[in-house]
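K.L.:
Below are the sequence and a predicted model for it; my questions follow.
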Amino acid sequence: MSEQWAWTVETTLPSRRGAHLPLMDEILQHLGELGWDGRDYFGVQMALEESLSNAIRHGNKLDDSKVVRVECKVHADRFWIRVEDEGQGFQPAEVADCRSAEGLEAAGGRGMLLIEAYMTSVEHNPRGNCITMAKVRGED
Amino acid sequence: MSEQWAWTVETTLPSRRGAHLPLMDEILQHLGELGWDGRDYFGVQMALEESLSNAIRHGNKLDDSKVVRVECKVHADRFWIRVEDEGQGFQPAEVADCRSAEGLEAAGGRGMLLIEAYMTSVEHNPRGNCITMAKVRGED
Amino acid sequence: MNTFRRLNVNRSGTVTVVTFADSKIIDDGEIQELGQELYALVDGGGPQKLLLNFSSVEFLSSAALGKLISFEKKVRQSKSELILTNIRPEIYEVFAITKLTKLFKIKDDEADALAVL
Amino acid sequence: MNTFRRLNVNRSGTVTVVTFADSKIIDDGEIQELGQELYALVDGGGPQKLLLNFSSVEFLSSAALGKLISFEKKVRQSKSELILTNIRPEIYEVFAITKLTKLFKIKDDEADALAVL
Ligand SMILES: Nc1ncnc2c1ncn2[C@@H]1O[C@H](COP(=O)(O)OP(=O)(O)O)[C@@H](O)[C@H]1O
Ligand SMILES: Nc1ncnc2c1ncn2[C@@H]1O[C@H](COP(=O)(O)OP(=O)(O)O)[C@@H](O)[C@H]1O
């Protein structure tokens, strides 16, 4: 058992709207107890919401026979999470930039941008169905 | 990430009275959601309380510089936990039997007995500072 | 009678009927308090008839059992009588596993207990 | 005006002042409802002056941003005016990262907004 983390969790979520909210609350509760607050806490909240809801909606397409696998580790100054869905994956580089003049009014496309803004590191596997994110407290 | 478990957690607890109660609630909440109830749920509740409070009180002797390390995995029909303290350990075989005529009025000594009664398997490491317990739902 | 936080205490004829305020008896501080309040029931006064109704108790730790055992000793010392009632099956099994069914007098419900107290 | 569940709606002179009922705008069902309630503010009626006060909002997801963007389009179609106010620093950064500070007119507080509406 690693001493590097204060609390780690592994679980699967059903592919239903909102199925990620209890886990999100659980993770945020632990971060709060470890002293995370302000922009750091907010940024993790955003990354959790966007990555988990993407996996449920875009990845597993709300298909009840598919699950989202989550592994998450928290510490007073570090956060790490891996979210894997059973979808076809996607190529992040090919997503249109919603900050462009045309993109500005598009209803979607902001989740990945927000994740990149708040996380210290963001990686996808080659298939694109698994995102791994980490944040060092106080860093983007 | 293993698919065998619905939810797993790893964490450390400070060696303070009652420090294990939030983790206990968290684990029991997940078991409840997975359908555990009645004697099975009660038995896990007992094993959690007795093993965690033993690690805090007897193992780490409420020493604030020591932590209790916990790894726990839950599933609809299986429960597994490892609790490790930083104390000297003990030899379970040498604990007096509280069920004997003399032991009946002793204020302590019932925790291990209850753990054995409710868990399907119970193991200690040779030093005796680490207990590993498992329960199959519906089995002792 | 003092105001208690862990116990509810009532009279039924000559018998003191006690129920528990908590459904889970597990917190160390609460168990200490519970012990003090139980002891206060027999301290000082003469022999008493005591009925402990467990109907509200869903869980209790071995530390709580320890307090009940110490209380039982005090009850005997004060020449009082004690009967436990309304114990749920899960809790009864805890008494059975630890052989405390031998130490305590246990009845199904208050009526059964009052009939012999 | 209908009774709203996700919004609180008040009048200040000719301006409709809207606050949010939820501190976290994240639940899908609530976001749908929020959208419908916002749309109802401009549907049917003529040009309006609208002020969205974000003081109670501590978190909002990108799905909620999507709804606000669709609402802004409806506002323009109905030739209404919209100003957002009292946005917390964390939420303002979300608007900045996504460049929505370019799409929405934003003022510090209601007084500043009312002065130009
Ligand atoms: N887990 C995923 N599986 C498949 N496609 C995804 C996944 N996550 C994101 N995407 C794709 O990337 C696009 C951009 O995602 P995002 O920036 O979160 O915005 P939005 O969810 O609002 O569309 C999505 O529209 C989708 O096509
Ligand atoms: N983690 C531990 N480290 C050291 N000693 C322990 C530990 N767990 C149990 N023991 C020893 O075993 C004894 C019996 O424990 P238990 O059956 O739980 O009853 P109690 O805690 O009421 O004494 C304890 O009194 C203690 O001496």
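P.N.:
Ah, there it is. Ligands and ions are numbered 1, 2, ... in the order given.

K.L.:
Stretch C:50-63 and ligand 2, any residue contact?
P.N.:
Yes - contact of stretch C:50-63 with ligand 2 (CB under 6 Å from any ligand atom) involves residue C:62. C-beta: built from backbone N, CA, C; applies to glycine.

K.L.:
Give the buried residues for that stretch.
P.N.:
C:50-54, C:57, C:59-63 (16 or more other CB atoms under 10 Å in any protein chain shown).

K.L.:
swap in stretch C:74-91?
P.N.:
C:74-75, C:78, C:80-87, C:90-91.

K.L.:
Helix, strand, or coil at the residue nearest the centre of chain C?
P.N.:
Among the residues of chain C, the one closest to the centroid is residue C:52, at 3.9 Å (CA atoms, centre = their mean). Under DSSP: H, G, I helix; E, B strand; the rest coil, residue C:52 falls in the strand class.

K.L.:
do residue A:81 as well
P.N.:
Going by three-state DSSP: residue A:81 is strand.

K.L.:
Quick one: residues contacting the residue nearest to residue A:90 when sequence neighbours are not counted.
P.N.:
Leaving aside its chain neighbours, residue A:90 sits nearest to residue A:128 (4.5 Å; criterion: CB to CB, 6 or more residues apart in numbering or on different chains). Contact partners of residue A:128, counting by CB atoms under 8 Å, 6 or more residues apart in numbering or on different chains, are A:88-92.

K.L.:
Check residue A:76 too.
P.N.:
Residues near residue A:76 by CB under 8 Å, 6+ apart: A:6, A:34-35, A:137.

K.L.:
cool, residue A:136 as well?
P.N.:
The contact partners of residue A:136, by CB under 8 Å, 6+ apart, come to A:77-78, A:120.

K.L.:
in the chain, which spans are strands?
P.N.:
You didn't say which chain, so I picked chain A. Using DSSP state E, the strands of chain A run over A:7-14, A:67-74, A:78-84, A:121-124, A:130-136.

K.L.:
meant chain C, my bad for not saying
P.N.:
Listed in chain order, the strands found in chain C under DSSP E are C:7-12, C:15-20, C:24-25, C:49-53, C:59-60, C:81-85, C:106-107.

K.L.:
got those strands as JSON lines, with mean pLDDT columns?
P.N.:
Below are those laid out as JSON lines (pLDDT from 0 to 100):
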{"stretch": "strand C:7-12", "mean pLDDT": "92"}
{"stretch": "strand C:15-20", "mean pLDDT": "96"}
{"stretch": "strand C:24-25", "mean pLDDT": "97"}
{"stretch": "strand C:49-53", "mean pLDDT": "97"}
{"stretch": "strand C:59-60", "mean pLDDT": "98"}
{"stretch": "strand C:81-85", "mean pLDDT": "98"}
{"stretch": "strand C:106-107", "mean pLDDT": "97"}
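
K.L.:
could the ones you listed go into TSV alongside distance to chain D?
P.N.:
Below are the strands of chain C laid out as TSV (distance: least, CB to the nearest CB, whole Å):
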stretch	distance to chain D
strand C:7-12	39
strand C:15-20	38
strand C:24-25	31
strand C:49-53	44
strand C:59-60	33
strand C:81-85	47
strand C:106-107	49
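
K.L.:
mind checking which of the ones you listed is nearest chain B?
P.N.:
Proximity to chain B, assessed across the strands of chain C by CB to the nearest CB, is greatest for strand C:59-60 (5.8 Å).

K.L.:
helices or strands up against the closest one?
P.N.:
Counting contacts by 3 or more CB pairs under 8 Å, 6 or more residues apart in numbering or on different chains; DSSP states H and E, strand C:59-60 packs against helix B:38-54, strand C:24-25, helix C:89-97.

K.L.:
Note down every partner strand of it and its orientation.
P.N.:
If you go by DSSP bridges, strand C:59-60 pairs up with strand C:24-25 (parallel).

K.L.:
how about low-confidence regions in the chain?
P.N.:
In the absence of a named chain, this looks at chain A. Scanning chain A for pLDDT under 70 picks out A:1-3.

K.L.:
that's the other chain; I wanted chain C
P.N.:
Along chain C, segments meeting pLDDT under 70 span C:1-2.

K.L.:
related to what we said a few turns ago, of all the strands of chain A, which one comes closest to ligand 1?
P.N.:
Distance to ligand 1, taken as CB to the nearest ligand atom, is lowest for strand A:130-136 among the strands of chain A, at 6.9 Å.

K.L.:
Just the C-alpha atoms of that closest one, please, in PDB.
P.N.:
Extracted C-alpha coordinates of strand A:130-136, given in PDB (Å, rounded to 0.1, in the frame of the first residue of the first chain):
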ATOM      1  CA  CYS A 130      -9.100   6.800 -21.300                       C
ATOM      2  CA  ILE A 131      -8.100  10.200 -19.800                       C
ATOM      3  CA  THR A 132      -5.500  10.500 -17.100                       C
ATOM      4  CA  MET A 133      -5.200  13.800 -15.300                       C
ATOM      5  CA  ALA A 134      -3.100  15.200 -12.500                       C
ATOM      6  CA  LYS A 135      -2.900  18.400 -10.500                       C
ATOM      7  CA  VAL A 136      -0.400  19.700  -8.200                       C
END
